[in-house]
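Participant: No sequence on hand, only this structure:
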């Protein structure tokens, strides 16, 4: 079984998120999605989410491409997640290109193109 992992906040879930998860799932048989906790978002990213971690987790779990959702509590957990969940492919949007190449000794690292016309930042800006 080929295992894939990806990370995100997934606040204001939109079709760009769905596109990413669908393409990530096509790279393997089992998709682990790591959702940033509220504390991590606030303390490390200086970001306040509209939905709580539990709400975001429940939404991501409801997506048919997702097999498992776990919490992201710190930047440094990625190497351990790859090992613990026996990951073959690490996937992120191409806005992170090159930032996770340090994992290539453990697994394949893939940067997928983002859906260009949508982002949570754009939604928030449009709503203001």
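Facilitator: Alright, I've got the coordinates. Nothing here was measured: the structure is a model prediction, and the numbers come from that model.
Participant: Which neighbouring elements make contact with the lengthiest helix in the chain?
Facilitator: The longest helix of the chain (DSSP state H) is helix 15-25. Helices and strands touching helix 15-25, as assessed by 3 or more Cβ pairs under 8 Å, 6 or more residues apart in numbering; DSSP states H and E, comprise strand 3-8, strand 30-36, strand 89-93, strand 108-112. Quick note: C-beta positions are derived from backbone N, CA and C, even for glycine.
Participant: just so I know, which of those strands lies nearest residue 64?
Facilitator: strand 30-36 (10.1 Å; Cβ to Cβ).
Participant: Least confident secondary structure element in the protein?
Facilitator: helix 120-127 (a mean of 74; mean pLDDT, DSSP states H and E).
Participant: what comes up buried for it?
Facilitator: By 16 or more other Cβ atoms under 10 Å, the buried positions in helix 120-127 come out as residue 120.
Participant: mind putting the helices and strands packed on helix 15-25 in TSV, mean pLDDT included?
Facilitator: Compiled in TSV, the helices and strands packed on helix 15-25 are given as follows (pLDDT from 0 to 100):
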stretch	mean pLDDT
strand 3-8	97
strand 30-36	98
strand 89-93	96
strand 108-112	97
